[in-house]
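Novice: model this:
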Amino acid sequence: MKNNFKENLLEAKDLLKSEKAYNFSIPKYLQLKYTFIPLAIVIILTFFYIDTPVEKMVINLPIEFTYFFKKITDFGKAAWIIITCVIIIICRLFTDTERLEERTSNLMNTSTLYASFILVSVSISGIIGQIIKSIIGRARPSLFEQYGSAYFHHFNFFDAPFASMPSGHSTTIGSLFVCLFFIFPRFKYLWIVLAIFFAASRIFVRAHYPSDVIFGLALGSYTSIYLYYWLKNRKLI
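Specialist: Purely as a prediction, here's the structure:
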């Protein structure tokens, strides 16, 4: 088993060193250099004109309504996604696929590539998101009555109540569902709807403002998009 692990690990390292084989380009309507300004405008307008009215509405919602979203909002936690992907990758590293049927071996290899894609995307976007939110230091909606929706404590790296923008859960959700969008394109509309639904739950549990959620979804989505094309051009996915 140790030999299998070492051989598979060396094989994985060789795959990561793969040279660029194709030159697939990200469509212009998805490239950050073309969409950054429109996205920034949407986030800014949402910040100034939508966050406060929405928060006032959410405060007055019935407890039964918010209870439902509290039950499903933790779907956006990165931990379960990372653990699941790591388990899939470890199982592959300890498996001698030469002893398996070709169909099973191909399925395991494909699953491992997809798990690696999701793992890297969720991890990278999560780290970037944590750095950005710590620098911005926006007060969460739980402090709305005290500070309002436009209070910032910049460069605050250890105080969760001042880590609202961007939404970490929404970043994870954006990253995950864009990965699924590329892996299972047949269900692309379902992934879009689910991403919006789960990200919106962060607003209804008063963890984030709408602009935080939009920012997070964009960050996670773009991480997956650029990573996907990087992998695709090296025949890794």
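Novice: pLDDT below threshold where in the protein?
Specialist: By pLDDT under 70, the low-scoring segments of the chain are 1-18.
Novice: residue furthest from the geometric center of it?
Specialist: Centroid-distance maximum for the chain: residue 99 at 35.5 Å, with Cα atoms, centre = their mean.
Novice: where's that one relative to residue 119, distance?
Specialist: Going from residue 99 to residue 119 by Cβ to Cβ, to the nearest Å gives 26 Å. For glycine as for every other residue, the C-beta is placed from the backbone atoms N, C-alpha and C.
Novice: biggest helix in the chain by residues?
Specialist: The residue-count maximum for a helix in the chain (DSSP state H) belongs to helix 102-136.
Novice: In the chain, what residue spans correspond to helices?
Specialist: Using DSSP H, the helices of the chain run over residues 2-16, 32-49, 51-59, 63-72, 78-93, 102-136, 144-147, 168-183, 188-204, 210-232.
Novice: among the ones you listed, which is the most enclosed?
Specialist: The highest mean neighbour count among the helices of the chain, using mean count of other Cβ atoms under 10 Å, belongs to helix 168-183: a mean of 26.
Novice: Would you mind putting the CA coordinates of that one into PDB?
Specialist: Extracted C-alpha coordinates of helix 168-183, given in PDB (Å, rounded to 0.1, in the frame of the first residue of the first chain):
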ATOM      1  CA  GLY A 168     -17.200  33.700   3.200                       C
ATOM      2  CA  HIS A 169     -20.100  31.300   2.700                       C
ATOM      3  CA  SER A 170     -21.100  33.000  -0.500                       C
ATOM      4  CA  THR A 171     -17.500  32.700  -1.800                       C
ATOM      5  CA  THR A 172     -17.500  29.000  -1.100                       C
ATOM      6  CA  ILE A 173     -20.900  28.600  -2.700                       C
ATOM      7  CA  GLY A 174     -19.800  30.500  -5.800                       C
ATOM      8  CA  SER A 175     -16.700  28.500  -6.100                       C
ATOM      9  CA  LEU A 176     -18.400  25.100  -5.600                       C
ATOM     10  CA  PHE A 177     -21.300  25.600  -7.900                       C
ATOM     11  CA  VAL A 178     -19.200  27.100 -10.700                       C
ATOM     12  CA  CYS A 179     -17.100  24.000 -10.500                       C
ATOM     13  CA  LEU A 180     -20.200  21.900 -10.700                       C
ATOM     14  CA  PHE A 181     -21.300  24.100 -13.600                       C
ATOM     15  CA  PHE A 182     -18.200  22.900 -15.600                       C
ATOM     16  CA  ILE A 183     -18.300  19.300 -14.300                       C
END
